[in-house]
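In: sequence and computational prediction follow.
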2 protein chains.
Amino acid sequence: MNTKATRSSAQPDARSRLLDAAMRVIREQGYSATTVDDICGAAGVTKGAFFHHFKSKEELGVEAAAHFSRMAEQLFGSAPYHQHADPLDRLLGYIDFRAAILTGPIAEFTCLLGTMVQEAYDSHPAIRQACETYIVRHADRVAEDIAAAKALYAPDATWSAESLGLYTQAVLQGSFILAKAKGGPEVARDCVAHLRRYVLQLFNRPTEE
Amino acid sequence: MNTKATRSSAQPDARSRLLDAAMRVIREQGYSATTVDDICGAAGVTKGAFFHHFKSKEELGVEAAAHFSRMAEQLFGSAPYHQHADPLDRLLGYIDFRAAILTGPIAEFTCLLGTMVQEAYDSHPAIRQACETYIVRHADRVAEDIAAAKALYAPDATWSAESLGLYTQAVLQGSFILAKAKGGPEVARDCVAHLRRYVLQLFNRPTEE
DNA sequence: ACATACATACCGACTAGTTGGTATGGAAAC
DNA sequence: GTTTCCATACCAACTAGTCGGTATGTATGT
């Protein structure tokens, strides 16, 4: 539809433009409500290009999930909280980082995987599968620091690191839904603050400051 | 499409059949992916009946949110946990009840409001509004017990009852997403167990049993 | 007689996917 | 070194079917 600065200067190739556009548009509109033409329009390419790179809309959904996951891995992989020597500090740093990025338009901080799996879990098995893989992968990364912190500060606790890692993701996903319902990120920040307090309590660390 | 036991014996009127059907089908497929014909088929009525009762698909979405909310109010209003004299027992009873109903097909325990608002928050303001209203209403109901328990057991805590009420809903909504991603309710039950532990800690009650 | 509660038949707009083609570039043939 | 060949990347136009919504009818109760 809209061709923006078409082809002018050094744009990445159509495939990555389509994946970027899909990420943006699907987070705004949802998977089903997003048409292939919407994505093509946002990417500034034609439908022919779309079906040259993806054999179906569903395949694009799967690839967009992978694309989103790569983006997230870069974002969190290069975040400053990894520098902490103490694993509990890293975990708290992760949570604070998640809170800190809850700003701007809703579609820019919400999770493509949560958005897609909610709509597609029953009708598009391949998308459900991809979303599960990447959500669990991220939760497991968080769970590594949790496991190390647990060994140090709460070795006898009955909960597992894996389950707490998944819980952090549940809180975040739920926070996004409340933010969407309320039209802003404030409620999500409040929820992450509760999550932080829970983690502090689990590791027997008195509430700080 | 499919007319099942059409009109045969003492069925409720078309309007409630449509609302029931909408609730079921939208929770399975999402709002956008659900067509008016899908709902008519599931309700066993024709499109004429649909547009006799609802002026648009969006209006049906709004009414389905209200319908779901009424159903939930009845379910939780008649649940046994209200019998506890102690407000903290009522709160823990609510959480246990939420865990107990996490069984069977995913679409039967997930929340229509969370499902719809995720897709419609940006494109259908009326639906977003309705979902916000009913989610907040339910959270406020939970927050009543929280406020009473707080006055008794944690009067100086820095968190507000309202914010903890919303947090319970965030955890639930997030649990539903993880359940959808993993294809079963187990992970959601684990998340609710974390929520329960958090509440116990907030009210300085030693972990029971 | 009139309103309510449906049903049937249909329309225009849209949607995923297809078709047939062009532009470009690199490797191999001569 | 230039022509031939072929693959990749992309485009514009089209199709077959689907979608939300409408127009028009009829049966029933009051």
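Out: Looks like it arrived, so ask away.

In: after the host helix or strand of A:L92, which helix or strand is next?
Out: Assigned by DSSP states H and E, A:L92 falls within helix A:87-100. As assigned by DSSP H and E, the chain's next helix or strand after helix A:87-100 is helix A:106-109.

In: and the angle for the following helix or strand past that following helix with helix B:112-120?
Out: Using DSSP H and E, the helix or strand that directly follows helix A:106-109 along the chain is helix A:112-120. Here the directions of helix A:112-120 and helix B:112-120 differ by 120 degrees (axes from the mean of the first three to the mean of the last three C-alpha atoms, to 10 degrees).

In: now the closest residue in space to A:V45 that isn't next to it in sequence: how far from A:R27?
Out: Distances taken as C-beta to C-beta, 6 or more residues apart in numbering or on different chains place A:A14 nearest to A:V45, at 4.6 Å, with adjacent residues excluded. For every residue, glycine as well, the C-beta is placed using N, CA and C. Distance from A:A14 to A:R27, counting by C-beta to C-beta, to the nearest Å: 20 Å.

In: what's the single longest helix in chain A?
Out: helix A:125-153 (DSSP state H).

In: what residues of it count as buried?
Out: Buried residues in helix A:125-153, counted by 16 or more other C-beta atoms under 10 Å in any protein chain shown: A:127-132, A:134-136, A:138-139, A:142-143, A:145-150.

In: does it come close to chain B?
Out: Yes - part of helix A:125-153 sits near chain B under the criterion C-beta under 8 Å from any C-beta of the partner chain, namely A:128, A:131-132, A:135-136.

In: pLDDT at A:A10, what is it?
Out: On pLDDT, A:A10 comes in at 35.

In: one step back: so A:A14 and A:R27 - more neighbours on which side?
Out: A:R27 (25 against 18; other C-beta atoms under 10 Å in any protein chain shown).

In: can you name the next helix or strand after the helix or strand hosting the more buried one?
Out: Here A:R27, judged by DSSP H and E, is contained in helix A:14-29. Per DSSP H and E, the first helix or strand lying C-terminal to helix A:14-29 is helix A:36-43.

In: quick check: buried residues in the helix holding A:L92?
Out: In helix A:87-100, counting by 16+ other C-beta under 10 Å, buried: A:87-88, A:90-95, A:97-99.

In: okay, the residues you listed in a markdown table with pLDDT and distance to B:Q169 next?
Out: Compiled in a markdown table, the buried residues of helix A:87-100 are given as follows (pLDDT from 0 to 100; distance: C-beta to C-beta, whole Å):
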| residue | pLDDT | distance to B:Q169 |
| --- | --- | --- |
| A:P87 | 97 | 30 |
| A:L88 | 97 | 28 |
| A:R90 | 98 | 29 |
| A:L91 | 98 | 24 |
| A:L92 | 98 | 24 |
| A:G93 | 98 | 27 |
| A:Y94 | 98 | 23 |
| A:I95 | 98 | 19 |
| A:F97 | 98 | 24 |
| A:R98 | 98 | 18 |
| A:A99 | 98 | 18 |
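
In: state the number of residues packed around the spatially closest residue to A:K57 that is not a sequence neighbour.
Out: Closest residue in space to A:K57, ignoring its immediate chain neighbours: A:V36 at 5.6 Å, by C-beta to C-beta, 6+ apart. Burial of A:V36 is recorded as 16 neighbouring residues (other C-beta under 10 Å).

In: surely A:V36 touches A:V45?
Out: No - A:V36 is beyond contact range of A:V45, at 10.9 Å (criterion: C-beta atoms under 8 Å).

In: chain center to stretch A:33-41: distance?
Out: 21 Å (C-alpha atoms, centre = their mean, to the nearest Å).

In: any residue of it touching DNA strand D?
Out: No - figure legend: stretch A:33-41 not in contact with DNA strand D (C-beta under 7 Å from any atom of the strand); closest approach 7.9 Å.

In: contacts for that stretch?
Out: Outside stretch A:33-41, the residues that touch it by C-beta atoms under 8 Å, 6 or more residues apart in numbering or on different chains are A:1-2, A:18, A:21-22, A:25-26, A:29, A:46-47, A:49-50, A:57, A:60, B:32, B:119, B:123.

In: low-confidence ranges in chain A?
Out: A:1-12, A:207-209 (pLDDT under 70).

In: rerun that using 90 as the cut-off
Out: Scanning chain A for pLDDT under 90 picks out the ranges A:1-17, A:41-53, A:204-209.

In: in it, which residue is closest to the centre?
Out: A:C111 (3.7 Å; C-alpha atoms, centre = their mean).
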